[in-house]
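> No letters, just coordinates:
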């Protein structure tokens, strides 16, 4: 009889310990959920720039944009083929599709077409370009229009390098020198779309 009572007593203690441990675990989980719910969510900056046609809006939270991270992301797309009218890394990019895709991944909205950059963003002197700034070029045949874009990946004034989707010999995302004959003649202006 004493043995049955002792076994019953031990079983009751084990059940009570199990309930206490379960209750403690639930309290820890509830506390963690409450901590997550109270955590501050980053706010989107109040900086908005509208281009001349009022159709494209640039939303920038420049305290959160890491220019090197943006360029590293762009470099991961090297050798993706050039495909006109496309902005899909599985299929290809055209020049503006590439720029749009990269900035979109950092919650920055830029024009989808290269011509949309004519009056877009904050124009800056080429000597002041930084990683992640956009270089805007005239058309190859028609120099009166904006025809090409690239993202600065090595900032050094006129000796900068930029990453872009090229329809030239490479036919894909590549890195080129701004001071090359081909691009220095077509260079129109630089735009900062991160810090305004």
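Done, it's in. All values derive from a computational prediction rather than experimental measurement. Numbers count the residues shown, from 1 in each chain.
> Domain ranges for this protein, per the record?
1-39, 47-192 (automatic domain parsing).
> least reliable of those going by mean pLDDT?
Looking at the domains of the chain, the lowest mean pLDDT belongs to domain 1-39 (a mean of 44).
> Name the surrounding residues that touch stretch 67-79.
89, 93, 98, 101-103, 105-106, 130-132, 151-153, 163, 172-175, 194 (Cβ atoms under 8 Å, 6 or more residues apart in numbering). (C-beta placed from N, C-alpha, C; glycine too.)
> That should have said stretch 130-137, apologies.
So stretch 130-137 is contacted by 65, 67-68, 70-71, 99, 110, 114, 117-118, 121, 124, 129, 146-155, 160, 162, 178, 183, 186-194 (Cβ under 8 Å, 6+ apart).
> I'd like to know which of those residues are part of helices.
Counting by DSSP state H, the contacts of stretch 130-137 place 67-68, 70-71, 99, 183, 186 in helices.
> between these, which is nearest residue 80?
Residue 80 has its nearest neighbour among the ones in helices among the contacts of stretch 130-137 in residue 99, at 13.1 Å by Cβ to Cβ.
> Looks like that closest one contacts residue 149 (just checking).
Yes. In this structure, residue 99 is within contact of residue 149 by Cβ atoms under 8 Å, at 4.8 Å.
> Between those two, tell me which one has more neighbours.
residue 99 (29 against 26; other Cβ atoms under 10 Å).
> Who are the packing partners of the strand ranked longest in the chain?
In the chain, assigned by DSSP state E, the strand with the most residues is strand 146-154. Other helices and strands packing on strand 146-154, by 3 or more Cβ pairs under 8 Å, 6 or more residues apart in numbering; DSSP states H and E, are helix 67-75, helix 95-104, strand 134-138, strand 161-166.
> closest one to residue 84 among those?
Using Cβ to Cβ, the nearest of these to residue 84 is helix 95-104, at 8.8 Å.
> now that closest one and helix 67-75, what's the angle there?
130 degrees (axes from the mean of the first three to the mean of the last three Cα atoms, to 10 degrees).
> The closest residue to residue 93 other than its chain neighbours: neighbouring residues, count only.
Nearest residue to residue 93, sequence neighbours excluded (Cβ to Cβ, 6 or more residues apart in numbering): residue 165, at 4.0 Å. The number of residues packed near residue 165 is 29, by other Cβ under 10 Å.
> Then residue 150?
With other Cβ under 10 Å as criterion, residue 150 counts 27.
> May I ask you to confirm that it is in contact with residue 163?
Yes. Under the criterion of Cβ under 8 Å, residue 150 makes contact with residue 163 at 6.2 Å.
> before we move on, back to that, would you list the buried entries among the contacts of stretch 67-79?
93, 98, 101-103, 106, 131-132, 151-153, 163, 172-175, 194 (16 or more other Cβ atoms under 10 Å).
> Who are the contact partners of residue 144?
Residue 144 touches residue 138, counting by Cβ under 8 Å, 6+ apart.
> so it sits in a helix?
No. Residue state for residue 144 (DSSP: H, G, I helix; E, B strand; the rest coil) corresponds to coil; a helix is not indicated.
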